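Undergrad: Predicted model and sequence below, questions to follow.
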Amino acid sequence: MTAIGHTGIEPGRLPARRRWATRLEPYLYAAPAVILIATIMLVPLVIGISYAFRDIRLLNPFSGGFVGLDQFVKLASDDDFRLALGNTVFWTGTSVILQFTFGLILALLLNRPFAGRGIAQALVFLPWAVPSFLSGLDWAWLFNPVVGPIPHWLTGLGLMEEPFNILADPDLAMWGPIVANVWWGIPFFAITLLAALQSIPRDIYEAASIDGAGALERFRSITLPFLAPTIAITILLRTVWIANFADLIVVMTNGGPADRTQIVASYIFTTAFRRLDFGYASAIAMVLLALLMIYSLLLVALRQTLLNRS
Amino acid sequence: MATIDLEAVAKSFGPVHVLEPVDLQIRSGEFVVLVGPSGCGKSTLLRMIAGLEEASSGDIRIAGERVNEVPPKDRNIAMVFQSYALYPHMTVAQNMSYSLKLRKTAKERIAEAVKGAAETLGLSKLTERRPRALSGGQRQRVAMGRAIVRRPQAFLFDEPLSNLDARLREQMRAEIKKLHARLGATSIYVTHDQIEAMTLADRIVALDAGKIQQIGTPLDLYQRPANRFVAGFIGSPAMNFVSGTYRAAAAGRPVHLQADHAALPVPDLDRPDGHAVTVGIRPEHVLVEPGDAPGTIGCGVELVEPTGMGTIVHLRLGDVALKAYRPGYTEWTAGQRVHVRLPREHMHIFDEASGARIEPAGSGRSPGLSEWPAATKLD
Amino acid sequence: MAAVARRRIAGTLAHRAAILLYILVALFPLFWLLKVSVTPNPLLYSEGVRLWPSQTSFEHFAFVIRNSDFPLFFRNSLIVSLSTAVIVTIIAAGAGYAMSRFSFRGKLWLVGLLLVTQMFPLVMLIAPIFRMLTPLGLTNSLTGLVIVYSAFNVPFAVFLMQSFFDAIPKDLDDAAMIDGASRFQAFRQIIVPLTLPGMAATLGFVFTAAWSELLFALMLISRADASTFPVGLLSFVSKFGVNFGQMMAAGVLALIPALLFFLLIQRFLVQGLTAGAVKG
């Protein structure tokens, strides 16, 4: 049996320093990311919020003063903003619903094994790799009666009297970016839902088949409940993301014709980029942020009540 | 080879105590097995010795030197993991030599050490393979090889055999024992399998719910379990327990069983009349007799399980299930009425409330770890 | 039985037809881009809706490559996107490893920080970032773009890398440290080599995102020689809005690197998005 020495801690600062280094280790690994995000995203965010209460116009050297809630008062009576708000709802709602529906169908199709699934998957996911600005340009060209086939097809189907560019028609223009957005966004939904589908254990389906459940019944009672959490979170995040997504509109219509495709996000960009009115742009952005947060909270609260009820 | 001393080593996460203070001295070259059900704290204890987890309090000494703040890489110990934890992108030889490379050992020395370990473990033909191309048993050997090339101060094993099938487990168990006999290395071995504990250990440390229940040689734990937990955990098939009341005032000082109020003759106990006790007896000590001899209890046979080597007879006494184990075959069949005799000398008596062992009166043995309060002698 | 078999065959046919339809819809816009880019100018209008021109030529490509700034834009975009991808992958690997392997007090804050950045509109940052970078001389500079893009892409990449690290057993880190490696050596010599596929996927995601970014590039870059491909293409469109062949040739060129990266990473897509998909 070994004799036991005294239990006191050895003198010297080494153990203390080592313990400290161990504690510090995770922070060292995370530090670069935190510093980068804090300086390039959080600091500007705070500055941006402060801009909303100041008069910051790049072209006016005398601007910069504190104006309180003036920007928000002006915003309340801004017809362009109200129009953009309505457009945002239409743009976001339609895009998300269509992307989700087609994405879910695609995921279900791909979840079934078949020869050549790998290559088919690569091909249908391809639009997702197309840079968004390019996807916007591409679709703008497809809608252009000079080089694009779509107006000619629509005329051939009798849906159009003569080939014209729907992007120039105030009543139809929003459908241009929406189509481009849906085409470009289907893969995201499909990939996410497919990943969720593939995590459903196979034997549950087998058990259900043995119990006599038909395909529709299996979808209703197994697939949907399993997918529900993924669907909820994906739709929530995607809605927020699409509401903020101005690239396609800036590229395809630049908000026109007659501001009929101007959404809040593109309105912010136009205000900052073309009018260089940073104060007003920040005020609009803050309102958008507030609206999106209210939307998210409502959705989360709704989910919670539904969970509590069941 | 080195001694490992634990002094009041404890682990807690905030208010949750994962491991109560542990005191343990491990001799140089000793093979100690930490055994207990999952979640008992045995792996936590091992990981603290390895330096993979910090001890919340207490001192850990390896070869007499306090190592609490020493990172695992400087503790000079080797460890075999349950998952083997082989590096998937390295060959068998690279897996085994990684530790030597980190220590900047000369190339020839490394080659020699790897060759030696591979030969010992029968891996010579596999040194250029990746772990993916090996069977479970081969992977286990590589994990052992990785430990032995180092010639470390101590070996730590974290349930190294639990991913193997029964046959391979038996074989590797024997090899580990031979290896230990050859290298004589201080070893700490964690397992939830009591057979591994019994066969491998010089000393067993039985743990439950973050507390040491008993420390002793395998036979100590088998013959004199310190409490109900150890009694039930060590031995297979597991010990039978029946609850009853000690009747010090009645003739013969029996225990009246709750099951069918039968009077069970037990050793004399230093306990007052009416003390609630649990009587434990191993299945191999239960005698089954056909006739209604005095001192026997009538039971029904519920199930007969022949294992080849012997037979397990499941019996029912009121609402208590009893098991008896007989070598060879028996003629008993389910549904039969039989009589069992529970020999007094093989009985283990435990305090019903605390579960601690109660030594027979006048046995002259100190209570040891069972620690009942210093005699409340009433008669 | 025959009816069941017939229904099964009909189902299979419908399934294949639906897949084919999706493929056609996915590819047609890209096909059209390619088709117009190889159509000689005289045929552009006379054969407007034909699926493939009677004659093809690469004159538009030749023009774009020789007579425009596109090679420069291409080079700028490549520099920006590659640097961003490499920087983000390295930084995200560190933070992702910390999130995967340590439990520390600041972890909840870190997750909160990363999630917050995913929620607010990035357009909100356009004005402040412009004002912050101007005095530092980082507007009209590729370095400025790389810094901004890196910050924007780090949060998602951290979640992605964390999910890849989570897939590697912690026992390997422990085994390496017992073998005598420091935590950082274990990370570099054991864990990183095993995460290379995941790192490639992250690299691809970030590259594609940086290659596509338009709004901040428009805002921060006004000099042609520092323009990225999206900005260049857009100004090209507004300047030469009539020459569709040349524009689409430029579009095809812009597509190439993105598609190459996509093909490289596509088999990790489903796997990588399973755990922490938040942003496209």
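TA: Yep, that arrived.

Undergrad: surely residue C:174 meets residue B:85?
TA: Yes: the pair residue C:174 / residue B:85 is scored as a contact, 6.8 Å apart, by CB atoms under 8 Å. Bear in mind the C-beta positions are built from the backbone N, C-alpha and C, glycine included.

Undergrad: Compare neighbour counts for these two and give me the winner.
TA: A count of neighbours by other CB atoms under 10 Å in any protein chain shown puts residue B:85 above the other of residue C:174 and residue B:85, at 26 against 22.

Undergrad: residues touching that one, list them.
TA: Residues in contact with residue B:85 (CB atoms under 8 Å, 6 or more residues apart in numbering or on different chains) are B:143, C:169, C:171, C:172, C:174, C:175.

Undergrad: Report the contact partners of the second one.
TA: Going back to what we said before, that points to residue C:169. Counting by CB under 8 Å, 6+ apart, residue C:169 touches B:83, B:85.

Undergrad: try it again with 6 Å
TA: The contact partners of residue C:169, by CB atoms under 6 Å, 6 or more residues apart in numbering or on different chains, come to residue B:83.

Undergrad: Show me where the chain dips below the pLDDT cut-off.
TA: No chain in the question, so chain A it is. With pLDDT under 70 as the threshold, chain A has low-confidence stretches at A:1-15, A:310.

Undergrad: wrong one, chain B
TA: B:259-261, B:362-379.

Undergrad: residues from it in reach of chain A?
TA: B:3, B:5, B:7, B:25, B:59, B:69 (CB under 6 Å from any CB of the partner chain).

Undergrad: my guess is the first one meets residue B:30, correct?
TA: To tie it back to what came earlier, the one meant is residue B:3. No: judged on CB atoms under 6 Å, residue B:3 makes no contact with residue B:30 at a distance of 8.5 Å.

Undergrad: ok so, going back, show me the residues of chain B next to chain A that map onto strands.
TA: B:5, B:7, B:25, B:59 (DSSP state E).

Undergrad: Name the member of the residues you listed with the most neighbours.
TA: Neighbour counts for those (other CB under 10 Å) peak at residue B:5, which has 24 neighbours.

Undergrad: Quick check: bridge partners of it?
TA: Taking DSSP bridges as the rule, residue B:5 bridges to residue B:25, residue B:61.

Undergrad: roughly how far apart are it and residue B:61?
TA: Separation of residue B:5 from residue B:61 (CB to CB, to the nearest Å): 4 Å.

Undergrad: just residue B:180 next, same as before
TA: Per CB to CB, residue B:180 is found 22 Å from residue B:61.

Undergrad: can you check residue C:42 too?
TA: On the measure of CB to CB, residue C:42 and residue B:61 end up 91 Å apart.

Undergrad: The two: who's more crowded?
TA: Using other CB under 10 Å as the criterion, residue C:42 and residue B:61 rank with residue B:61 on top: 20 against 9.

Undergrad: Over to residue A:247: give its phi and psi.
TA: Main-chain torsions, residue A:247, degrees, to the nearest 10: phi -50, psi -50.

Undergrad: same deal with residue A:207?
TA: Note on residue A:207: its backbone torsions stand at phi -60, psi -40 [degrees, to the nearest 10].

Undergrad: what about it, how many neighbours?
TA: Using other CB under 10 Å, residue A:207 is surrounded by 12 other residues.

Undergrad: for residue B:6, same thing?
TA: Using other CB under 10 Å, residue B:6 has 20 other residues around it.

Undergrad: For it, give its distance to chain C.
TA: According to CB to the nearest CB, to the nearest Å, residue B:6 and chain C sit 18 Å apart.

Undergrad: Was I right to think that residue contacts residue B:22?
TA: Yes: Residue B:6 lies in contact with residue B:22 (CB under 6 Å); the separation is 5.3 Å.

Undergrad: Just the CA trace of the helix or strand that contains residue B:156, in PDB.
TA: Taking DSSP states H and E as the definition, one finds residue B:156 inside strand B:154-158. The C-alpha trace of strand B:154-158 is given here as PDB (Å, rounded to 0.1, in the frame of the first residue of the first chain):
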ATOM      1  CA  ALA B 154      -1.300   3.000 -15.900                       C
ATOM      2  CA  PHE B 155      -4.000   1.500 -18.200                       C
ATOM      3  CA  LEU B 156      -7.500   2.700 -18.000                       C
ATOM      4  CA  PHE B 157     -10.300   0.600 -19.600                       C
ATOM      5  CA  ASP B 158     -13.700   2.100 -20.200                       C
END
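
Undergrad: Grab the nearest non-local neighbour of residue C:263.
TA: Distances taken as CB to CB, 6 or more residues apart in numbering or on different chains place residue A:122 nearest to residue C:263, at 7.0 Å, with adjacent residues excluded.

Undergrad: which SS state does that neighbour fall under?
TA: Look at residue A:122: counting by DSSP: H, G, I helix; E, B strand; the rest coil, its state is helix.
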